[in-house]
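# missing the sequence, but the structure's below:
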């Protein structure tokens, strides 16, 4: 699992690649907390290169959503692969997050 | 196309990473579709983490049996553990309709697994839990 960060026009884009499972989500959780502690409030999470997510990975993203909501920030997800999208739908997480097929639409939403 | 994978792992979460790599090298030559492979990975992780986190009443090391049988039209994953009796099929599905603040963190692993695999069977065999999960190819 690799998280790449890119900041443009006040929006922080996090691209998560690889597997977000019970082991790697521990590291991802720390990384997200560091980012949220730094006060970022416009977050676009790009999952284009995420091959796999389990309930442990969903949990980490749920914590991000809760923290962003508490501080009045905006967060959304974009470009989910088919299998990953299915996990979001079955778990009901697709109704918790704003999810966009195109990165540009996600950027417009958090702006 | 058929084959069998069998391994005993320790009841530690860190075992998962290597186990997944080994299972992938067992399955890769079979060129299976992505969907059943995802379902297998997910079922394995969700059920294993459940056993490791909540399955034992002591802090002692235990072994968990992981067996995969790859047949012509299905994958069958069997997990065997010596934890206390627990039937994941009797677990209640979480409320997936609530909004973010009301949502309890966690509780969706079993629900995801049950939705993504084709059949799950549980039995108590002596002092062991045996969970058999079938995924159609």
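Noted; the coordinates are in hand. Since we're looking at a predicted model, the values are computed, not measured.

# Show me the shaky parts of chain A.
Counting by pLDDT under 70, chain A shows no low-confidence range.

# residue of it with the smallest distance to chain B?
Nearest residue of chain A to chain B (C-beta to the nearest C-beta) works out as residue A:92 at 2.5 Å. Every C-beta, even on glycine, is put in place using the N, C-alpha and C of the backbone.

# What count of nearby residues applies to that residue?
17 (other C-beta atoms under 10 Å in any protein chain shown).

# Could you tell me the phi and psi values at it?
Backbone torsions of residue A:92, given as degrees, to the nearest 10, read phi 90, psi 0.

# Show the contacting residues for the residue nearest to residue A:78 when sequence neighbours are not counted.
Spatially, and ignoring its direct neighbours in sequence, residue A:78 is nearest to residue A:106 (3.8 Å; C-beta to C-beta, 6 or more residues apart in numbering or on different chains). Contacts of residue A:106 were listed using C-beta atoms under 8 Å, 6 or more residues apart in numbering or on different chains, and they are A:44, A:46, A:76, A:77, A:78, A:98, A:100.

# May I see the buried residues of stretch A:51-66?
By neighbour count on 16 or more other C-beta atoms under 10 Å in any protein chain shown, the buried set for stretch A:51-66 is A:51-62, A:64-65.

# Those residues: which ones sit near chain B?
Contacts with chain B within the buried residues of stretch A:51-66, counted by C-beta under 8 Å from any C-beta of the partner chain: A:52, A:54, A:55, A:56, A:58, A:59, A:62, A:65.

# Residue A:16 and residue B:126: what is the separation?
Computed as C-beta to C-beta, to the nearest Å, the residue A:16 to residue B:126 distance reads 43 Å.

# Looking at those two, which has the bigger crowd around it?
With neighbours defined as other C-beta under 10 Å, residue A:16 and residue B:126 compare such that residue A:16 has more, 25 against 6.

# in chain A, which spans are helices?
In chain A, the helices defined using DSSP state H lie at A:24-37, A:55-70, A:82-91, A:103-110.

# Bridged to residue B:10, which residues?
In this structure, residue B:10 bridges to residue B:63 when assessed by DSSP bridges.

# Enumerate every residue touching it.
By C-beta under 8 Å, 6+ apart, the contact set of residue B:10 is B:61, B:62, B:63, B:64.

# My guess is the last one contacts residue B:51. True?
Yes - with contact defined as C-beta atoms under 8 Å, residue B:64 and residue B:51 form a contacting pair (6.0 Å).

# Residues in contact with both of those two, list them for me.
Counting by C-beta under 8 Å, 6+ apart, the contacts common to residue B:64 and residue B:51 are B:11, B:79, B:81.
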